[in-house]
Structures are given as structure tokens and as C-alpha cells.
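Trainee: The amino acid sequence is not available; the structure is as follows:
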Ligand SMILES: CC(C)(COP(=O)(O)OP(=O)(O)OC[C@H]1O[C@@H](n2cnc3c(N)ncnc32)[C@H](O)[C@@H]1OP(=O)(O)O)[C@@H](O)C(=O)NCCC(=O)NCCSC(=O)C(=O)O
């Protein structure tokens with residue numbers, strides 16, 4: 001069986017998270033992804049938790065990739081990059097606008113070498129506009145998209161997520177954009193540029209914020225764990241010190257919850273009939289639900305909600321995710337062999353395809369592990385490698 005993306009060749013010349021994660025998603029379904037790294041290594045290798053000096057995040061982000069060092073600021077690096085581009089379908093990069101051009105590797109140059117090339121350019125603010133030259137991080141997108149303004153307690157500060165939310169959304173979007181551009185390339189033979197600004201995809205996920213302001217002039221206020229659209233909706237502490245979350249976006253579920261917690265009289269209130277009206281009575285509803293939950297242990301609450309066909313989830317840590325039978329049944333966590341660390345566990349491929357499923361064959365390789373192998377395809381021999389190493393082009 002061939003993989004869904006077998007034959008698709010990707011050069012991942014990006015750093016950190018947004019661009020590289022897009023390449024990971026393509027690699028998971030069989031694209032050949034060659035990671036092009038500065039001889040010092042992608043900063044993600046030293047980002048966050050390490051075991052025995054090995055970056056754990058990289059093990060996940062670099063999975064299924066080949067690792068090649070190549071300094072693109074040098075003529076030798078640029079020449080080799082052009083050779084790699086000639087054989088590739090996709091380049092993913094996240095340099096600030098103008099950097100590739102400064103190296104003679106702008107799209108106009110690259111398309112002369114490979115007219116079918118899809119060049120995915122991931123930046124903080126996009127290729128044009130007054131902020132386009134600014135360095136960008138996901139954090140800035142979480143700020144500027146309006147996400148932080150609506151997140152947090154009403155009397156607290158705007159709140160940032162403690163993980164790369166905007167970067168992750170940008171990565172998913174980049175993978176989608178690349179597939180869209182490849183589909184067009186397959187139809188016409190012509191490649192194109194993907195201009196992906198990290199500030200934009202998160203804005204799309206924020207839902208009706210823009211149209212609501214446009215049509216009603218209303219801005220969403222911070223409501224902590226509560227929603228404007230339904231109640232009860234919150235996190236609740238259980239007797240044994242655990243936490244659960246509930247949501248009542250469907251009227252049927254809201255009614256089942258109130259019957260379960262022994263407060264069916266709420267259902268007859270005129271305001272109970274819509275989520276938005278229920279949300280205005282969140283204090284009373286949270287009190288009713290919260291006091292019932294506080295008298296029971298977490299597992300008991302989850303079981304009772306399940307029996308009542310109401311919607312609940314325990315609030316998990318990574319440790320809980322790894323032992324949960326639902327995730328186990330789905331195969332959500334994969335065990336991947338690794339030469340440096342032995343078997344490592346990580347999130348599996350994003351979704352299941354019935355005929356051409358994705359898979360993880362290897363975890364992120366050491367810096368430059370495949371430099372000789374990949375450059376060897378272009379006639380670079382041992383002596384050439386030594387000379388390139390001497391000049392700092394590879395490591
Ligand atoms: C990440 C950046 C802020 C880094 O900014 P700068 O350091 O000013 O780099 P530039 O983009 O101008 O790119 C030039 C630099 O790329 C580095 N670089 C990396 N790989 C290479 C290779 N292979 N060859 C040569 N140079 C390389 C090198 O240090 C260059 O610096 P010189 O040697 O001096 O030439 C920016 O690239 C950026 O805004 N990228 C788009 C948005 C993005 O993806 N942000 C990170 C997402 S993670 C995130 O949001 C988060 O962590 O939070």
C-alpha cells in the first residue's frame with residue numbers, strides 16, 4: 001500500500017513551531033520531508049524539556065524527517081539548496097519577508113529552477129503591509145487577533161495560552177494551504193506562493209467576533225470559564241479534589257443536567273429555554289450544578305453524567321491522557337523507537353485514514369544525521385563534506 005502523500009517531497013527550511021509542524025503533518029502521511037537546518041540547529045532542539053541533553057519537543061516535531069544542516073547565507077549553501085529545490089514539490093520557510101530574496105532564493109529565482117514548486121511562507125504578519133518586516137511569534141498573534149482580550153476572568157488581565165496555540169493553528173492551516181496548492185499544481189503544472197500570516201488563522205477560529213461587531217457593535221467581554229452562549233458551562237471541583245468540565249450547548253443536554261442534579265424546576269423557567277438566556281443566570285445554575293458535583297468523587301460524577309446522557313469530561317493532565325481507555329482505543333498515543341532515547345511516547349498522527357493511514361517511523365533525528373545521505377544524492381562526496389564543514393556550511 002502506498003502512503004497518501006508518497007512521492008511528495010518537502011523541504012522544511014523553517015524554525016521553531018508553525019512552519020515545521022506543518023511539515024510534520026505532511027511527513028506523517030508519507031511525504032519525504034528533509035529538514036534544512038542552520039549548522040547550529042533549529043532553536044527548537046534546545047527549547048523546553050530535555051532528557052540527557054536531548055530536546056524532547058524536537059523528538060515530536062522532527063518525527064519522520066531527515067535532518068540536513070545547510071547554511072543558506074553562504075554561496076555553497078544556496079547552490080545546494082537550489083539543487084534540492086529542483087527535486088522538491090514544496091518548500092516551507094518562516095524567514096522574515098526579504099530574507100530568502102537576500103540569499104537569492106526568492107520565489108522568482110526558485111520557480112525558474114522548478115515551475116511546479118509550492119513555496120509556503122509562514123510569517124508573523126504576512127508578506128505585505130506595514131508590520132510585515134517585524135519578527136513574529138504566536139504570542140503576538142494571540143494578542144492581536146482578539147484572542148487574549150476575550151480570554152481570562154472578567155476582573156483579571158487579558159490572558160495568553162500556556163502553549164503555542166496560534167502557531168499550532170497556523171501549522172494546521174499551512175498544511176491545508178500546501179495541499180490546496182498541490183491540488184492546483186497537479187491540475188495545471190504550476191506552483192505558487194502560500195502567504196500564511198500567523199495573525200490570521202487564529203482569527204478565523206475565534207468565530208463570530210468580527211461579524212458581531214460589524215452588525216451589532218458588540219464586543220465579547222471576558223467571562224472566565226463561562227460562555228456567552230450557554231449555562232451551566234464551567235469547571236467544577238469534585239469531592240476528591242478532581243475537576244470536571246460541563247457544557248450545555250444543546251437544550252436537551254441542559255435539561256438532562258438539571259434533572260440529574262435534582263433541580264428540574266429550573267427547566268420550567270421561561271429564561272431556561274435558550275442558551276443565551278441561561279447564560280445570564282449562570283450564577284444560579286453554577287451553584288446548583290457545582291454543589292451537586294462537590295458532594296461526589298470525580299469518577300462518580302462522570303459515570304452519573306454518562307448514565308443521564310449529559311455531557312461531561314474530567315479535566316485531565318498528560319498523565320491521565322496516557323491511561324484513558326478512549327484514547328487507548330483510538331491509538332492516540334504512539335510509541336516510537338529512537339536511537340538516542342529508546343522508545344518514546346508522543347501524540348499519534350492527527351486522524352485515521354481507512355485505506356492509507358499515516359504512521360510514525362522515527363522520532364526527530366540528531367542534528368545533521370542525514371546530511372551526507374541527502375547531499376550525496378547531488379554528488380557531494382566525503383572530501384566535499386569536509387570542505388563544506390570547514391567553511392561552516394554544514395556541521
Ligand atoms: C523567528 C523570527 C522571529 C527570527 O527572526 P530573525 O532572527 O530576525 O531571522 P530572519 O527571519 O530575518 O532570518 C534570518 C536568520 O535565520 C536564521 N536561520 C535559520 N535557519 C537558517 C539556515 N538554514 N541558514 C541560514 N540562516 C538560518 C539565521 O539565524 C538567520 O540570521 P542571520 O544569520 O543573521 O542572517 C523570524 O524568522 C520570524 O518572524 N519568522 C516568522 C514567524 C515565525 O515563524 N515565528 C516563530 C514561530 S514560534 C513562536 O511563535 C514562539 O516561539 O512563540
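Mentor: Good, I have the coordinates. Note that this is a predicted model, so its numbers are computed, not measured.

Trainee: Residue 392 contacts residue 71, correct?
Mentor: Yes: the criterion here is Cβ atoms under 8 Å, and residue 392 meets it with residue 71 at 6.1 Å. For the C-beta atoms, the positions are set from N, CA and C on the backbone; glycine is no exception.

Trainee: hey, what's in contact with both of these two?
Mentor: residue 39 (Cβ atoms under 8 Å, 6 or more residues apart in numbering).

Trainee: phi, psi of residue 332?
Mentor: Main-chain dihedrals, residue 332, degrees, to the nearest 10: phi -70, psi -30.

Trainee: Nearest residue to it in space, ignoring adjacent ones along the chain?
Mentor: Sequence neighbours aside, residue 348 is the residue nearest to residue 332 in space, at 5.6 Å (criterion: Cβ to Cβ, 6 or more residues apart in numbering).

Trainee: quick revisit: more neighbours: residue 392 and residue 71, which one.
Mentor: A side-by-side neighbour count of residue 392 and residue 71, using other Cβ atoms under 10 Å, places residue 71 first with 22 against 15.

Trainee: What about that one? Give its phi and psi, please.
Mentor: When quoted as degrees, to the nearest 10, the phi and psi of residue 71 stand at phi -80, psi 110.

Trainee: tell me the contacts of it?
Mentor: Taking Cβ under 8 Å, 6+ apart, we find residue 71 in contact with 38, 39, 77, 392, 393, 394.

Trainee: Determine the number of other residues adjacent to residue 26.
Mentor: When neighbours are counted by other Cβ under 10 Å, residue 26 registers 28.

Trainee: Helix, strand or coil: sort out it for me.
Mentor: helix (DSSP: H, G, I helix; E, B strand; the rest coil).

Trainee: Enumerate every residue touching it.
Mentor: Contacts for residue 26 (Cβ under 8 Å, 6+ apart) come out as 5, 8, 10, 33, 90, 175, 178.

Trainee: Spatially central residue for this protein, please.
Mentor: Nearest to the mean C-alpha position of the chain, counting by Cα atoms, centre = their mean, stands residue 168 at 2.3 Å.

Trainee: A helix includes that residue, no?
Mentor: Yes: read with three-state DSSP, residue 168 is one of the residues of a helix.

Trainee: how far away is it from the ligand?
Mentor: For residue 168, the distance to the ligand equals 10 Å [Cβ to the nearest ligand atom, to the nearest Å].

Trainee: Residue 191 and the ligand: what is the separation?
Mentor: 21 Å.

Trainee: Quick check: closest non-adjacent residue to that residue.
Mentor: Spatial nearest neighbour of residue 191, excluding adjacent residues (Cβ to Cβ, 6+ apart): residue 117 at 4.1 Å.

Trainee: okay, now the one you found: neighbour count?
Mentor: 23.

Trainee: what do you get for the one 3 residues further on?
Mentor: One way to gauge burial is a neighbour count; for residue 120, by other Cβ under 10 Å, it gives 25.

Trainee: The helix or strand containing it near the ligand anywhere?
Mentor: Assessed by DSSP states H and E, residue 120 sits inside strand 118-123. Yes: Strand 118-123 reaches the ligand (Cβ under 6 Å from any ligand atom) through 122, 123.

Trainee: correct me, but the residue nearest to the centre of the chain touches residue 17?
Mentor: Yes: using Cβ under 8 Å, residue 168 is in contact with residue 17, at 7.2 Å.

Trainee: any shared contact partners between these two?
Mentor: Common neighbours of residue 168 and residue 17 (criterion: Cβ under 8 Å, 6+ apart): residue 138.

Trainee: I'm done for today, thanks for sticking with me.
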